[in-house]
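S.K.: structure, please.
(chains A, B, C and D)
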There are 2 protein chains.
Amino acid sequence: MLSERRLEVLRAIVQDYVGTQEPVGSKALTERHNLKVSPATVRNDMAALEEEGYIAQPHTSAGRIPTDKGYRLFVDKLAGVKPLSKPERRAIQNFLAGAVDLDDVVSRTVRLLAQLTRQVAIVQYPSLTRSTVRHVELLLLAPTRLMLVLITDTGRVEQRVVDCPAPLTETTLADLRARLNGRVVGERFSEVPRLVQDLPESFEQDDRSTISAVLATLLETLVEEPEERLVIGGTANLTRFVHDFPLTIRPVLEALEEQVVLLKLLGEAKDSSMTVRIGHENAHEGLTSTSVVSVGYGSGNEAVAKLGVVGPTRMDYPGTMGAVRAVARYVGQILAES
Amino acid sequence: MLSERRLEVLRAIVQDYVGTQEPVGSKALTERHNLKVSPATVRNDMAALEEEGYIAQPHTSAGRIPTDKGYRLFVDKLAGVKPLSKPERRAIQNFLAGAVDLDDVVSRTVRLLAQLTRQVAIVQYPSLTRSTVRHVELLLLAPTRLMLVLITDTGRVEQRVVDCPAPLTETTLADLRARLNGRVVGERFSEVPRLVQDLPESFEQDDRSTISAVLATLLETLVEEPEERLVIGGTANLTRFVHDFPLTIRPVLEALEEQVVLLKLLGEAKDSSMTVRIGHENAHEGLTSTSVVSVGYGSGNEAVAKLGVVGPTRMDYPGTMGAVRAVARYVGQILAES
DNA sequence: GCTGGCACTCGACTGTCGAGAGTGCCAGGA
DNA sequence: TCCTGGCACTCTCGACAGTCGAGTGCCAGC
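M.R.: All right, here's what the predicted structure looks like:
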C-alpha cells in the first residue's frame, strides 16, 4: 500500500501534468505544491510510484508522466467530482430550455458539452426500446403503401414506409390505428412485440397479410438497436493536442465517425452511473490514448440513453466529470418536461 | 491571352501538384508529361504564368504551385468532369437503395461521398419550404398540449409541441386536422402560410385562439430556415493534409461545426448546378485554403437541397466533381422513389 | 522561338556542441 | 528509519555551420 504522501505526490503529478502537458520533475513539484519535503524525497517517492507502474518517464532524465494506471488511481481514490458553479448551472439550464424539439435538445446538448469541457462531446438519442410509446400513426401514401410513424415520450420520432401486399381501406386502417394505439400507448417499446403478437388474428382474413407486414416493419424498427443515433461535436477541440500527437488525431477522428464503435463505447458502461474509461481500457484501437467519461440520462429516474465526452487521457477529470454529470441532469429535466 | 502550350503547362502543373502535393519544377514536368519541349522553354512559360498570377513560388528556387486563380482557370477551361466508372455507379446505387428512411438516406449519402472523394462531405436535409406537404398530423398529448407533426414528400418529418391557451376537444381537433390537410396536402410548404391564413375564422369563437396558436407554430416551423439541418462526415480525411497544414486543420474543423457557416456556404451557390468555390472565393476565414464543390439535388427536376464536399484547394477537381454529381443524381432518384 | 549551358539562390539535411533540466545514488543527520 | 543536500551522470533541445541538390533566371547560339 502506498503511503499517504506518495498518493499526494501522485495527485500533484497528475494535476501538474494536466495543467502544463509537460513531464513534471521533482523540483517543480515541491515548489508548486507545498509538500513540505525536499525534491530528493520526492524523487524517492517517484521511484516507488514508477516501480508500481503509476507513473513513467518518457526518457531517462525527463520528468514523470502518469500512466493509465496512475490516472485510474487518481480518478478512483484521489479526485472527486468538481461541481459546477451556480452561474454555470444557470447558463446550462437557460441554454437547454430554449430548445424547440428533440433534435434541438440533442444538438444543443452536444454543443454545450463540447464547450464546457473543451473536448469532443457525444450524445446518444433516447433509445427506442427504453422509451414508452406516445403514439403510433399510420398514413396512407398510396393504396398499397403506407407510412408508419412512431412517437416516443421523449419526443423522438421514427418513420418507415411500408409496402403492403394488398390494398387497405381507410376504414381498416383507422381500425388498425385505433387498436394498435389502444394496446401500446403508454407502454414501453420493449413490451410492444408481446402486446401486438395476436393482433392480426382479430382482423378479417383478407387484411391479415397486410397487417402482418405493418407489424413486421414496426418490430423491425424496434429491433434496429444498431440504428441508435448519436451526435458528436467539438471535434475541433482535438486539435488542441495536435502539437504532441499529430498522428494520434487521425485514428480518433476515424473512430468517432464509426457510429458502431461509439455506441459500443457508450454501451460498455453497463449501468447508467458515471463511468470513466482510461486509455487502454477502451477496447477500440484508435482510442487507446483517449479517455471517455460517460453517464446515462433520462426523463425519469431511469436512463434512456447516454452522453459523454472523449478527450486525451491527460484531461481534467474532476472538472469533466462535473460537467458531464450536470449536463446529463439538466437534459433529463428538459426531457421530462416536454 | 495565354498560348495553347502555356495552358497545357498549367494543366500539367495542377495535375502534378495535386498528385504529389509538392512544388513542381520544370524538369520534372517535361519528364512526366510529354510536352515535347525542353525544361528551359517550360521555365519561360512558367515565368509568364507566374507573371499573370496563375502560379507562384513558395520561395525562390523552389518549384511552382498553382494559385487560387490558377485552379480557377483549370476548373473553368482545362478540366472536365470525370464521370465515374460503371462499377462505381452501380455500387453507389446499391448502397443508397438499402436505406430505410430519410435519415438513413442522408447518413449513407454523407458516408458515400466522403469515401468516394476522400474528403469532407456535407449533405443538407431536403428543405422544408421547397418540399410539398404529404401530411399534417395533430396529436393530443394533454388537454392543453398537442403535438404537430409535418411530413414531407421527401420523407422528412418535423415535430413541435404546442401549448394551447384553452382545452381542445377531440372533435374539434379532428375537424382541424381534416381541414388543415384538405388545404395543404400536395402543396408546397412555401404556399402554406397563404393557404391557412383564414382558417381560424371558420371555427367557433372559443377555439379560435387555440387554432391560431397551432397555426402560428406551424408557420414558425416553416420560417425556421436557419434550422435547416445538415450532416457532415469524413472529417478524418482532413488529417491527410496535416503534414503540410498542421495549423490549418483547426479553423476548418471549427468552420465545419458551425452549421450557419456551412449553410451559408451551400446557399451561396445560387442555382442548383455544380458550383466550385476555390480558396479565397470562400467568404469564411477558416476556409480560405479549402475548396468547396457543391450541387443541388432533388426528387424531381427541382433541387430541394444541396450536397457537396470540402477539401484542400489542391484537390482532384475533375474526379471530385464527377463523384459529387453522380451522388446527387442517385440521391435524387432514391428520394423520388420513396 | 526553342535550346543547352552556367551561375546563383535557398531550403533541407546533418553533425557538433553547450546549456539546462532531471535523475539516481550516497553519506550524513534528525 | 526516514529525510536531506550534494554530486556526477544522462538525455533533450536549440543554435550554428557546412554540404547537397533541386530549381531558377539569364544568355548566347541555332
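S.K.: where are the low-confidence patches of chain A?
M.R.: Judged by pLDDT under 70, chain A has its weakly predicted residues at A:1-2, A:224-227, A:242-247, A:338.
S.K.: which residue ranges of it form strands?
M.R.: Listed in chain order, the strands of chain A (DSSP state E) span A:55-56, A:65-66, A:120-124, A:133-142, A:145-152, A:157-163, A:230-233, A:275-278, A:290-297, A:305-312.
S.K.: the longest one near chain B anywhere?
M.R.: Yes: contact between strand A:133-142 and chain B is present through A:134-135, A:137, A:139, A:141 (criterion: CB under 8 Å from any CB of the partner chain). Glycine gets a C-beta too; all of them are placed from N, C-alpha and C.
S.K.: mind giving me the packing neighbours of the biggest helix by length in chain A?
M.R.: Using DSSP state H, we find that the single longest helix of chain A is helix A:317-337. Taking 3 or more CB pairs under 8 Å, 6 or more residues apart in numbering or on different chains; DSSP states H and E as the contact definition, the neighbouring helices and strands of helix A:317-337 are helix A:86-97, helix A:102-117, strand A:290-297, strand A:305-312.
S.K.: contacts only, for A:P193.
M.R.: When contacts are counted by CB atoms under 8 Å, 6 or more residues apart in numbering or on different chains, A:P193 is found next to A:219, A:222.
S.K.: switch to 7 Å and redo it
M.R.: For A:P193, the contacting residues are A:L219, taking CB atoms under 7 Å, 6 or more residues apart in numbering or on different chains as the criterion.
S.K.: go on, A:G311?
M.R.: Contact analysis of A:G311 by CB under 7 Å, 6+ apart lists A:117, A:119-120, A:290-291, A:320.
S.K.: still on that earlier bit, please identify which of the strands of chain A is closest to B:D198.
M.R.: Ranking the strands of chain A by distance to B:D198, with CB to CB as the measure, places strand A:133-142 first at 26.0 Å.
S.K.: contact partners of the closest one?
M.R.: Looking at strand A:133-142 with CB under 7 Å, 6+ apart, the contacting residues turn out to be A:146-153, A:170, A:173, A:176-177, A:180-181, A:184-187, A:189, A:192, B:135, B:137, B:139.
S.K.: and that strand with strand B:145-152, angle?
M.R.: Angle of strand A:133-142 versus strand B:145-152, following axes from the mean of the first three to the mean of the last three CA atoms, to 10 degrees, is 30 degrees.
S.K.: describe which strands strand A:133-142 pairs with in its sheet and in which direction.
M.R.: Sheet pairing of strand A:133-142 (DSSP bridges) gives strand A:145-152 (antiparallel).
S.K.: buried ones in the strand it pairs with, by neighbour count?
M.R.: When neighbours are counted by 16 or more other CB atoms under 10 Å in any protein chain shown, the buried residues of strand A:145-152 are found to be A:146-152.
S.K.: also stretch A:228-244?
M.R.: Of all the residues in stretch A:228-244, those buried under the rule 16+ other CB under 10 Å are A:228-239, A:241-242.
S.K.: sort out for me which of these are in helices.
M.R.: When DSSP H is applied, the buried residues of stretch A:228-244 are split such that none fall in helices.
S.K.: stretch A:257-264 near chain B anywhere?
M.R.: Yes: residues of stretch A:257-264 contacting chain B under CB under 7 Å from any CB of the partner chain: A:E257.
S.K.: quick one: buried residues of that stretch?
M.R.: For stretch A:257-264, the neighbour count (16+ other CB under 10 Å) marks A:257, A:259, A:261-263 as buried.
S.K.: ok, stretch A:65-84 next?
M.R.: Judged by neighbour count (16+ other CB under 10 Å), stretch A:65-84 contains these buried residues: A:65-75, A:78-79, A:81, A:84.
S.K.: same thing with stretch A:311-331?
M.R.: Neighbour-count burial for stretch A:311-331, with 16+ other CB under 10 Å as criterion, is recorded at A:311-328, A:330-331.
S.K.: partner residues bridging the residue lying closest to A:E170 once chain neighbours are set aside?
M.R.: Nearest residue to A:E170, sequence neighbours excluded (CB to CB, 6 or more residues apart in numbering or on different chains): A:L140, at 6.7 Å. With DSSP bridges applied, A:L140 shows beta-bridge pairing to A:L146.
S.K.: and A:L140, how many neighbours does it have?
M.R.: Other residues near A:L140 number 16, with proximity taken as other CB atoms under 10 Å in any protein chain shown.
S.K.: pull up the gap between it and DNA strand D, please.
M.R.: Counting by CB to the nearest atom of the strand, to the nearest Å, the gap from A:L140 to DNA strand D is 67 Å.
S.K.: just the helices in the stretch 151-300 of chain A please.
M.R.: Assigned by DSSP state H, counting those that start in this stretch, the stretch 151-300 of chain A shows helices spanning A:170-184, A:192-196, A:205-223, A:249-257, A:259-268.
S.K.: mean neighbour count, the ones you listed: which tops it?
M.R.: Mean neighbour counts were compared across those using mean count of other CB atoms under 10 Å in any protein chain shown; the top stretch is helix A:249-257, at a mean of 21.
S.K.: export that helix as PDB, just CAs?
M.R.: Extracted in PDB, the C-alpha atoms of helix A:249-257 (Å, rounded to 0.1, in the frame of the first residue of the first chain):
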ATOM      1  CA  ILE A 249      -5.700  12.700 -34.100                       C
ATOM      2  CA  ARG A 250      -6.500  10.700 -37.200                       C
ATOM      3  CA  PRO A 251      -7.400   7.300 -35.600                       C
ATOM      4  CA  VAL A 252      -9.500   9.200 -33.100                       C
ATOM      5  CA  LEU A 253     -11.400  11.100 -35.800                       C
ATOM      6  CA  GLU A 254     -11.900   7.800 -37.600                       C
ATOM      7  CA  ALA A 255     -13.200   6.100 -34.500                       C
ATOM      8  CA  LEU A 256     -15.600   9.000 -33.900                       C
ATOM      9  CA  GLU A 257     -17.000   8.600 -37.400                       C
END
